[in-house]
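1. Predicted model follows, preceded by the sequence.
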Amino acid sequence: MIDELARLGVGSLAGRAPWRHAVTSAAYCVLALFGLAVVVQALIVVEARPQDLITGIHGMADFIRRAIPPDFTKLPSTFWPTLQTVDIALFGTLVGIVIALPLALLAAANITPSRYAYYVARGVIGFTRAVPDLVWALLFVTAVGLGPFPGGLALGVHSVGMLGRLFAETIEQMDMAPIHALELTGARRLQVFTHGIVPTILPSLLGISLYRLDENIRSSLVLGFVGAGGIGFQLLTAMNLFQYQEVSLLLIIIFVIVLGAERISAALRERLD
Amino acid sequence: MLRVCGVSVQYPNGKRALTDFSLVVGPGELVVILGGNGSGKTTLLRCITRTVAPSAGEIWLGETNLCELEGEKLRRARLELAMIWQHASLVRRRTVLANVASGALGRYYTLRTIFGGLPPAELHAARGHLAEVGLTDLAEQRAGTLSGGQAQRVAIARALAQRPRVLLADEPVASLDPEAAEDIMRLLQRLARSERIAVLCVLHQVELAYAYADRVIGIRDGRIAFDLPRSQLSREEVHRLYIQDIQEAVAA
């Protein structure tokens, strides 16, 4: 019976010659060695020195000793940068949505009005996404000067890419049968859009946007490091002035903001359907 | 009401889907089309809705030749030409009522229906159409929550909201259980009679054709095999329609 199967080439092992088994094993060995080499070169390139972690404990302990307790008298002065940080994210997300939505309509293969518009929109989305928001912030700081505005612009432009792609994918995965059905009833193009496409995709688009807001709040904390305002800028200043008790206060605030944004965004997204 | 005169369709790959095909469906008449897979049934319906352009022939809806229409005129003509499919194709996140009323969208200017709104008169009429298909209670439910049979009724109600002169149905009961299938066929028959709609229905269930059709048209290889009133339709005729395909397949 087994011989029969082997003759038919059904049994994978029975039908295989011994030398082929050896070749496969050798190939696995080479692959494993190659993987090991990749890891080792990474350790060398990043100059990984585990012993420094042990000697560095002293420095870390010193930092923590000097940072505790957090300086809560500075709390009032953190209010404005905190608001700035949240508002930069809000502004960036709104700008992103307003620009990404029409782009996504052009960049969705199933409803795009023309091939050219499709490629142009895909190009814009790809480019704005490929350049990181921190780099956009550097560019905008150079262009419009320090402050929260370049931060908002940076998040806005980067969000165009991130939102545009997800929006377009959502539209492309939409069930088209109801849309074609509406077209055949003699409804106008715009009516098919407002009565068929919008109600189908709106909850998904809102969910994506809320998630983007959450991500943007986290990004906006970092943007201050390159001079784009908000709590990140205050953190950088405090670090440079060795005000470690203020640094620890700011870290607590950042923790609260990030966790709060994540929770609120998740709770709102859960209600969508 | 609906007249298909000598329509031929040749696809770009050279395949002939329909050859010199003619039929007439009068107001209040329920005509069933039978035929094997690939015989040209769906192509015929697509021709009538103008999603496929015939290479020859004319299709008349009342006094209008659909084949001559383009753009805005075609859109207006489609208002009187309703269609249902095997799957109901409803907008799942909208209410049943909104889905039904959306059949009337094309009669209104875009501005009046923007942001998903619909004229109150149409919503009122939509309740009437829902009553006609026996689903008054489900008006406020989301379309996505309906069973297959209910969804198909809503699709028919949406078709009624178009106030159509012709209703095309492409295998409307193919994914329904036998009881729901009978319900839908009874409904189509009743609507044809009471609203004087010309109903052209593609079916695979021969028994349903015997039970509900006024006339049965057999289609084979894109040509008319027979076009008979139900009373004159013999079992052998229908049998030949399907058996010939099998014989050809065996011979090949």
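-> Yes, it's here. Numbering: from 1, shown residues only, chains lettered A, B, ... in the order given.
2. ok, A:Arg218 - how many residues close by?
-> Using other Cβ atoms under 10 Å in any protein chain shown, A:Arg218 has 15 neighbouring residues. Any C-beta I mention is one placed from the backbone N, CA and C, and that applies to glycine too.
3. Give me the distance between it and A:Trp136.
-> Distance, A:Arg218 to A:Trp136, by Cβ to Cβ, to the nearest Å: 15 Å.
4. For the chain, give me the ranges with low pLDDT.
-> Picking chain A for this. Scanning chain A for pLDDT under 70 picks out A:1-16.
5. other chain: chain B
-> Looking at chain B by pLDDT under 70, you get B:116, B:244-246, B:248-249, B:252.
6. And the host helix or strand of A:Phe127, what does it pack against?
-> Per DSSP states H and E, A:Phe127 falls inside helix A:115-130. If you count contacts as 3 or more Cβ pairs under 8 Å, 6 or more residues apart in numbering or on different chains; DSSP states H and E, helix A:115-130 packs onto helix A:75-107, helix A:148-172.
7. just the ones you listed: most buried one?
-> Compared across the helices and strands packed on helix A:115-130, helix A:148-172 shows the largest average neighbour count, a mean of 24 (mean count of other Cβ atoms under 10 Å in any protein chain shown).
8. what are the phi and psi angles of the residue in the stretch 101-250 of chain A that chain B sits nearest to?
-> Using Cβ to the nearest Cβ, the single residue of the stretch 101-250 of chain A nearest to chain B is A:Gly186, 3.4 Å away. When read as degrees, to the nearest 10, the backbone of A:Gly186 gives phi 90, psi 10.
9. Pull the number of nearby residues for it.
-> For A:Gly186, the count of nearby residues is 23 (other Cβ under 10 Å).
10. and it, what is it in contact with?
-> Counting by Cβ atoms under 8 Å, 6 or more residues apart in numbering or on different chains, A:Gly186 makes contact with B:75-79, B:81, B:105-107, B:162.
11. So which of the residues you listed wins on neighbours?
-> Ranking these using other Cβ under 10 Å puts B:Leu105 first, with 27 neighbours.
12. I figured that residue was touching A:Thr185, is that so?
-> Yes. At 6.7 Å, B:Leu105 counts as touching A:Thr185 under the criterion of Cβ atoms under 8 Å.
13. and the stretch 101-250 of chain A, which residues reach chain B?
-> Contact residues (Cβ under 8 Å from any Cβ of the partner chain) of the stretch 101-250 of chain A with chain B: A:175, A:177-178, A:180-182, A:184-188, A:190-191, A:194-196, A:198-200, A:202-203.
14. Please, where are all the strands along the stretch 51-200 of chain B?
-> All strands of the stretch 51-200 of chain B, identified by DSSP state E, counting those that start in this stretch, fall at B:56-61, B:64-65, B:81-84, B:166-170, B:198-202.
15. Tell me which of those strands approaches chain A most closely.
-> Smallest distance to chain A across these (Cβ to the nearest Cβ): 5.5 Å, for strand B:81-84.
16. Quick one: neighbours of residue 177, just the number.
-> All of this refers to chain A. A:Ala177 sits with 14 neighbouring residues when counted by other Cβ under 10 Å.
17. looking at chain B here, not the other one
-> With neighbours defined by other Cβ under 10 Å, the count for B:Asp177 comes to 12.
18. hmm, back to that, are any of the residues of the stretch 101-250 of chain A next to chain B buried, and which?
-> A:178, A:180-182, A:184-188, A:191, A:194-196, A:198-200 (16 or more other Cβ atoms under 10 Å in any protein chain shown).
19. what's near enough to touch residue 74?
-> All of this is about chain A. Here A:Lys74 is in contact with A:245-246, A:249 (criterion: Cβ under 8 Å, 6+ apart).
20. Wait, chain B was what I had in mind.
-> Per Cβ under 8 Å, 6+ apart, neighbours of B:Leu74: B:50, B:66.
21. That concludes my questions; thank you for your assistance.
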